[in-house]
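Turn this into a structure:
(2 chains)
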Amino acid sequence: MASNKTGQKKKEKSKRRGASQWAVAWRRFKRNKAGIFGLIIVMAVFFVGIFGSFFAPYPARPDPHAYDPFYDIDPITGIGDVRKPPSWMDPEEPNSWKYLFGTTPIGTDVFSDIIHGTKYTVYVGVLVTVITMALSIAVGAIAGFYGRWVDNILMRISEVFLVFPSLLLILVFVRIFTVSVGEPFLNIPIINIQIPTGLTIVIVILGLFNWASNARMIRGEFLRVRELEFIEAERALGAGNIRIIFRHILPNLMSSIIVVSSLTIAYAILLEAAVSFLGFGDANTITWGQILQENFSEMRIVWWAEVFPGIAILLTVFGFNLLGDGLSDAMNPRLRD
Amino acid sequence: MAETLLNIEGLKTHFFTEAGIVKAVDGISFNLKKGESLGLVGESGSGKTVTALSVLRIVPKPGKITDGKIEFNDENLLKKTEKEMQKIRGSKIAIIFQDPSSSLNPVYTVGTQLRDVIMAHQTVSKTEARKKTIEILEVVGLPDAETRMREYPHQFSGGMKQRVAIARALACEPTLLFADEPTTNLDVTIQAQVLNLLNDLKKKLGMSLVMITHDMGIIAEMTTRIVVLYAGRVCEIAETHDLFERPRHPYTEALLAAVPRLDMRKTLRVIPGNIPNLIEPPSGCRFHPRCNYAKQTCKEDIPVLEEIESGHFVACHEWQNITLKGERSH
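Down below sits the predicted model:
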């Protein structure tokens, strides 16, 4: 009898634990194979971004050892290991994994370059998204909550941002403001992370130009939630505007914000790659876009120096998109079972 | 006679829409004594809910209280700042809304929402607030409160949600509670439970209740006095049994006649026409286009609320000249 009762209680407890929106969303997400695949890619990118410098075959530039393949002179030809194809397909290097993705015309290892670039990719994705979301939540919340003329002004401003070809504007601003100084903006030696100044400026500019569409989405959500009856009930119980915005409306938008953030990260990575590829980025920071830019002129022969960084960008953006779609499916209340 | 708790005088709440000014509440006066149950009755759009929202000063935009006086414990609520009103809302005056399923925030557990209200109005520690939360949930008859307070609103049934909503409104023991059609969205057996609960709690806590509904059955059951509203104005105020026995306003008569009854063989009587457009309401008595007894004066002059017997007020030009069918001799 007693054991039966405790058993029942346990069952109730486990049922209860899984009732918050996050638990429900996670249960739904787990069933989504594409979403899980995306999550794995994203986690791998973050892992390589944080710990990559510990297992990369060659150190990051500007360390002279980054150019070691260049100095690895062949005794017969007298040429270093530049423009070497990936070793596993190089007839001269049977059964070798020496240069997994080949080497570049200036004698760096493409594989190492990609690994060292990963942390910048993570940095770009996360920081651009933080700036973008902070701006768009602020604008969207104010416009959606206060409505009327405030809404009108903010939405007209956002339209200005939407109608301009943003890549062009970004290129102009990046060219004006970016300084390619070697001095890092912030240096955290313990985990070997240096935050480059030039890239940070690019990131801030990207963040400042991307908020408009997200702000409109958040404004729409605010308009929807603001009209729900529980907001009126909270007001009737003595809640003020600030409390209603932060304690009651925003938590109801968390799922949308997370989904949009994940898609914004993907977009930010793509955008930074484009800016760097076009030669407007920070030349001292070897991001994936920068690798593409550096090796572009010899692409017909040294194709591996373009294809593999390209695949890295593609896979990462794909992963974030899959994750975003998976999250969106998992957290969409209209699909909730 | 008990003390007056709430005194509303000449309250005007207008909505400034693009189509024009909607005079949703246009000069309403009535009062409420301590411990009393008052019914606010009228068709949809007669200004019942807007009156309640006006007292709490939470009329949604573009609505605005343009005139009048709302005295609560002899203090004019319309002169208070927003900050002062926030302290009053939920702690001294509370309201229960119609739809229990949407009056709770879906992302927080029921317990958190109750604790929030308690902690917003009283200086108590988290553990004390938690204790109070369990207490109040038990008071409203939520079984196994300690477990269920950790659940989310979507895990509750409609009736249980309404109990939680009531618990939240009562958490700080308000002296005045508005119940805005609290049972409309519940099925009949739950309705009875919720109404009984409200009655019990009212007695236990000694608060005053304003019941807003168009259900005459609930009104008869729950209230001692009734205010009949029509198109933003008061038609009639009377003790409940008095109003049911001898309505003096043609609108009240029509309203009572429109209540379906089991022993009624004839077709249900309806009031012809619709509630008037409140942007350009009818001249004179607002009910005159639908009134069977309307005369020329009704179109021209606004009737004033006059006391025809002690405690029975009517706003009608013709009340002396007409005999209403509702005046049954029992």
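
low-confidence ranges in the chain?
Here I'm looking at chain A. A:1-19, A:94, A:179-185, A:188-193, A:333-337 (pLDDT under 70).

oops, chain B please
B:1-2, B:261-267, B:323-330.

From chain A, how far out is B:Ile275?
23 Å (C-beta to the nearest C-beta, to the nearest Å). Yep, even glycine has a C-beta here, placed from its N, CA and C like the rest.

Which residue, other than its chain neighbours, is closest to that residue?
Leaving aside its sequence neighbours, B:Ile275 sits nearest to B:Gly45 (C-beta to C-beta, 6 or more residues apart in numbering or on different chains; 4.8 Å).

so how far is B:Pro276 from the one you found?
Distance of B:Gly45 to B:Pro276, given as C-beta to C-beta, to the nearest Å: 9 Å.

Flag every residue of chain B that's near chain A.
B:56, B:58, B:60-61, B:82-83, B:86-91, B:94-95, B:97, B:99, B:102-109, B:116-117, B:120-121, B:147, B:150-152, B:154-155, B:165, B:168-169 (C-beta under 8 Å from any C-beta of the partner chain).

elements contacting the longest helix along chain A?
With secondary structure taken from DSSP state H, chain A has its longest helix at helix A:110-146. Here helix A:110-146 touches helix A:33-55, helix A:148-163, strand A:193-196, helix A:197-209, helix A:211-226, helix A:250-277, helix A:288-295, helix A:304-331, going by 3 or more C-beta pairs under 8 Å, 6 or more residues apart in numbering or on different chains; DSSP states H and E.

What about B:Leu77, how many residues nearby?
21 (other C-beta atoms under 10 Å in any protein chain shown).

Could you count how many residues lie near B:Ile219?
With other C-beta under 10 Å as criterion, B:Ile219 counts 23.

mind listing what it touches?
B:Ile219 sits next to B:Gly39, B:Val41, B:Met211, B:Thr213, B:Ile226, B:Thr240 when contact means C-beta atoms under 8 Å, 6 or more residues apart in numbering or on different chains.

Between these, which sits nearest B:Phe313?
Using C-beta to C-beta, B:Ile226 comes nearest to B:Phe313 of these, at 10.8 Å.

Give me the most central residue, the chain.
Just going to use chain A. Chain A has A:Gly125 as the residue nearest its centroid, 2.7 Å off, counting by C-alpha atoms, centre = their mean.

meant chain B, my bad for not saying
Most central in chain B (C-alpha atoms, centre = their mean) works out to B:Ile212, at 2.7 Å.

Give me the secondary structure label for that one.
strand (DSSP: H, G, I helix; E, B strand; the rest coil).

pretty sure it contacts B:Ser46?
No: in this structure B:Ile212 lies outside contact range of B:Ser46 using C-beta atoms under 8 Å: 10.2 Å.

B:Ala94: what secondary structure?
Quick answer, by three-state DSSP: B:Ala94 is strand.

beta partners for it?
B:Leu177 (DSSP bridges).

pretty sure it contacts B:Thr175?
No: between B:Ala94 and B:Thr175 there is no contact under C-beta under 8 Å: 9.4 Å.

higher neighbour count, those two?
B:Ala94 (28 against 18).

could you check the distance from the more buried one over to B:Arg248?
For B:Ala94 relative to B:Arg248 (C-beta to C-beta), the value is 33 Å.

And for the nearest residue to B:Leu11 once chain neighbours are set aside, the neighbour number?
Nearest residue to B:Leu11, sequence neighbours excluded (C-beta to C-beta, 6+ apart): B:Gly68, at 3.6 Å. If you count neighbours by other C-beta under 10 Å, B:Gly68 ends up with 19.

Confirm that B:Gly68 sits in a strand.
Yes: counting by three-state DSSP, B:Gly68 is located in a strand.

And the strands in chain B?
B:4-17, B:20-33, B:37-41, B:63-72, B:75-76, B:93-96, B:176-180, B:208-213, B:225-230, B:233-239, B:306-309, B:312-314 (DSSP state E).

Check those strands for me and report the most buried one.
strand B:93-96 (a mean of 27; mean count of other C-beta atoms under 10 Å in any protein chain shown).

List of residues touching that strand?
Contacts for strand B:93-96 (C-beta under 8 Å, 6+ apart): A:233, A:236-237, B:52-53, B:55-56, B:72, B:103, B:162, B:165-166, B:169-170, B:172, B:174-180, B:182.

How far does it sit from its chain's centre?
10 Å (C-alpha atoms, centre = their mean, to the nearest Å).

tell me which parts of the stretch 201-337 of chain A are close to chain B?
A:228-230, A:232-240, A:247-248, A:251-252, A:254.

Now for B:Pro250, how many residues are close by?
29.

what sits against the nearest residue to it once chain neighbours are set aside?
Excluding the flanking residues, the one nearest B:Pro250 by C-beta to C-beta, 6+ apart is B:Cys291, at 4.9 Å. By C-beta under 8 Å, 6+ apart, the contact list for B:Cys291 reads B:Pro250, B:Tyr251, B:Cys285, B:Cys298.

Quick check: phi and psi on the third one?
Same thing as B:Cys285. Phi and psi for B:Cys285, reported as degrees, to the nearest 10, are phi -70, psi 130.

quick one: it and B:Leu305 touch, right?
No: in this structure, B:Cys285 is not within contact of B:Leu305 by C-beta under 8 Å, at 11.7 Å.

higher neighbour count, the two?
The residue with more neighbours, out of B:Cys285 and B:Leu305, is B:Cys285; 28 against 17, by other C-beta under 10 Å.

how close does the more buried one get to chain A?
Taken as C-beta to the nearest C-beta, the span from B:Cys285 to chain A is 33 Å.

In contact with the nearest residue to that residue once chain neighbours are set aside, which residues?
Of all residues not flanking B:Cys285 in the chain, B:Cys298 sits nearest, at 4.5 Å (C-beta to C-beta, 6+ apart). Under the criterion of C-beta under 8 Å, 6+ apart, the neighbours of B:Cys298 are B:Gly284, B:Cys285, B:His288, B:Cys291, B:His317, B:Glu318.

From the residues of the stretch 201-337 of chain A next to chain B, list just the buried residues.
For those, burial is judged from neighbour counts taken by 16 or more other C-beta atoms under 10 Å in any protein chain shown, and it is met by A:228, A:230, A:232-239, A:248, A:251-252.

Mark which of the contacts of strand B:93-96 are part of helices, please.
A:Ala233, A:Ala236, B:Ala52, B:Leu53, B:Val55, B:Leu56, B:Gln162, B:Ala165, B:Ile166, B:Ala169, B:Leu170.

Which of these ranks first by neighbour count?
Within the ones in helices among the contacts of strand B:93-96, most neighbours by other C-beta under 10 Å means B:Gln162, with 29 neighbours.

count of neighbours near the nearest residue to it once chain neighbours are set aside?
Using C-beta to C-beta, 6+ apart and skipping the chain neighbours, the partner closest in space to B:Gln162 is B:Pro100 (3.7 Å). Number of residues near B:Pro100 (other C-beta under 10 Å) recorded here: 28.

Same question for the one 5 residues further on.
By the criterion of other C-beta under 10 Å, B:Asn105 has 24 neighbours.

Tell me who's in contact with the residue lying closest to it once chain neighbours are set aside.
Spatial nearest neighbour of B:Asn105, excluding adjacent residues (C-beta to C-beta, 6+ apart): A:Phe230 at 5.0 Å. Residues in contact with A:Phe230, defined by C-beta under 8 Å, 6+ apart, are A:His248, B:Ser102, B:Ser103, B:Leu104, B:Asn105, B:Pro106.
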